[in-house]
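[1] Generate coordinates for the sequence data below:
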Amino acid sequence: MGDFFKNLVYSNDDVITFPSGIPGFEGCRKFVLASIVEYSPFEWLVGIEDPPVRFAIINPMLFRPDYQPAMIRKQFDDIDIEQPHDVLLYSIVTIRENPLESTANLVGPVIINKRKRIGKQVIIDDERYTTQEFILRNP
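    You can find the predicted model right below:
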């Protein structure tokens, strides 16, 4: 997988700018979304600046269709969302060796304005969710 990201091909139109970075990685502001078919439904938010960083991400609606984080408009005014269809919603994932232990952060959704190519991780105050929500359930 490392080689895939090392040789990642993208254009300027693919770059998503996070004006404030991502909490803990404030200096990383330019990313591209990358998909690897065999790792679906996961995608990667890949930093294109030094130091190189990447985050495994997933659309939280795929494993929590009832996900409705309590956000206030002010939290994402700076990414200029005008229409609901402009929004891409992701959660950052911690992938564990045992897939049943992999979790997603539903307290810090990543919101991307796909039309304007601007993103932000928003921290919500919503007791229904945690930073370590299991993605897969034990059968």
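[2] From here on, just use CA atoms for contacts and neighbour counts.
    OK.
[3] Tell me where this protein has helices.
    Assigned by DSSP state H, the helices in the chain fall at 2-6.
[4] remind me, longest strand of it?
    strand 87-94 (DSSP state E).
[5] What strands line up against that strand, and which way round?
    strand 54-58 (antiparallel), strand 103-104 (antiparallel), strand 110-113 (antiparallel) (DSSP bridges).
[6] In that strand, which residues are buried?
    Going by neighbour count (16 or more other CA atoms under 10 Å), the buried part of strand 87-94 is 87, 89-94.
[7] same thing with stretch 100-112?
    101-112.
[8] Mind putting these into a markdown table with distance to P51 and pLDDT?
    Below are those laid out as a markdown table (distance: CA to CA, whole Å; pLDDT from 0 to 100):
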| residue | distance to P51 | pLDDT |
| --- | --- | --- |
| E101 | 28 | 92 |
| S102 | 25 | 92 |
| T103 | 25 | 96 |
| A104 | 24 | 97 |
| N105 | 23 | 97 |
| L106 | 26 | 97 |
| V107 | 26 | 96 |
| G108 | 22 | 95 |
| P109 | 23 | 95 |
| V110 | 20 | 96 |
| I111 | 22 | 95 |
| I112 | 22 | 96 |
